[in-house]
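Participant: Model the structure of this input:
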Amino acid sequence: MKKNHIEKEKIIDVAVDFFGEKGYAATSIRDISKALDVSIATLYYYFKNKEELLLTIIEAIGDDLLKTIQKAKEVSDDPLEGLRRMLEAHIRLTEKKKSRVKIYVEEQHNLSKKYKKIIYNQHRHIYDVYAAQLKALQEAGTIDAEPVSVTAFAMFGMVNWCYRWFRKDGALPIEEVSEKIIHLLFYGIVKPEDKTSR
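Facilitator: Numbering: from 1, shown residues only. Down below sits the predicted model:
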């Protein structure tokens, strides 16, 4: 007999497993209810439909990311160190919550226009935190990142897609991967002596 009570967070955890492994489109509410051994009506008590469940997952990881980078930024008054800490925290979150980040990056196109607007506004807040940090570095003469938007989006692309290739059992731990990515973002791939000869 199916249970009538379940914690909302448990539903989200199971949905994350399904969406992360099978994809949103290939997962049904019935799949989730069977895995949890609850009725479909029980799931609809917490979420009006599958899309609202997806929105909840995407919005939650976006909130985590925003809070994470804001907290990291506040650790240092030095804007370059602040940016370093933001990127490091962002990369670690990507590794720690890999399935949720995958859903965040890959499944947003499944949201309706109304829900996409909510996530777009969240993206804007995340972008604004990074852009403000880059602008502070630009004004200090530390970096050449004009336009800031290109630099910010390039950072997002490099960091957010770590989940696609990073493996916990791989050759490098996340700390070393983080260090290498940040070095690449800050200094590029061409050695200093080669840069001056160009």
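Participant: what residue ranges in this structure score low on pLDDT?
Facilitator: 1-5, 192-198 (pLDDT under 70).
Participant: quick one, helices of it?
Facilitator: All helices of the chain, identified by DSSP state H, fall at 8-21, 29-36, 40-46, 50-73, 79-96, 98-106, 113-139, 148-160, 162-165, 174-187, 192-196.
Participant: Any chance of TSV for the ones you listed, columns mean neighbour count?
Facilitator: No exception for glycine: its C-beta is placed from N, CA and C like everyone else's. Shown next, in TSV, are these (neighbours: other Cβ atoms under 10 Å):
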stretch	mean neighbour count
helix 8-21	17
helix 29-36	16
helix 40-46	15
helix 50-73	18
helix 79-96	20
helix 98-106	20
helix 113-139	15
helix 148-160	16
helix 162-165	15
helix 174-187	15
helix 192-196	9
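Participant: dump the residue contacts of the closest residue to residue 97 other than its chain neighbours.
Facilitator: Residue nearest to residue 97 in three dimensions, not counting chain neighbours: residue 61, with 6.2 Å by Cβ to Cβ, 6 or more residues apart in numbering. Under the criterion of Cβ atoms under 8 Å, 6 or more residues apart in numbering, the contact list for residue 61 reads 97, 100, 101, 103, 104.
Participant: Relative to residue 102, how far out is residue 182?
Facilitator: 22 Å (Cβ to Cβ, to the nearest Å).
Participant: Now do the contacts for the most centrally placed residue in the chain.
Facilitator: The C-alpha lying nearest the average C-alpha coordinate of the chain belongs to residue 101 (Cα atoms, centre = their mean; 4.6 Å). Neighbouring residues of residue 101 by Cβ under 8 Å, 6+ apart: 61, 93, 94, 160, 163.
Participant: Which one of these is nearest to residue 73?
Facilitator: The closest of those to residue 73 turns out to be residue 93 (Cβ to Cβ; 13.9 Å).
Participant: Is the closest one in contact with residue 64, as I believe?
Facilitator: Yes - contact criterion Cβ atoms under 8 Å: residue 93 and residue 64 qualify, at 6.4 Å.
Participant: tell me the domain ranges of the protein?
Facilitator: For the chain, automatic domain parsing gives the domain ranges 1-47, 55-196.
Participant: how far is the longest one from where the chain is centred?
Facilitator: Remark: domain 55-196 is offset 8 Å from the chain centroid, using Cα atoms, centre = their mean, to the nearest Å.
Participant: Next: the first one.
Facilitator: Put simply, domain 1-47 sits 23 Å off its chain's centre (Cα atoms, centre = their mean).
Participant: re earlier: look up how far residue 149 lies from the residue nearest to residue 97.
Facilitator: Distance, residue 61 to residue 149, by Cβ to Cβ: 23 Å.
Participant: what does residue 187 give?
Facilitator: Distance of residue 187 to residue 149, computed by Cβ to Cβ: 21 Å.
Participant: before we move on, what about residue 75?
Facilitator: Counting by Cβ to Cβ - residue 75 and residue 149 are separated by 25 Å.
Participant: who touches the nearest residue to residue 74 once chain neighbours are set aside in this structure?
Facilitator: Once flanking residues are discounted, residue 74 sits nearest to residue 82: 7.8 Å by Cβ to Cβ, 6+ apart. If you count contacts by Cβ under 8 Å, 6+ apart, residue 82 has them with 72, 73, 74, 75, 76, 133.
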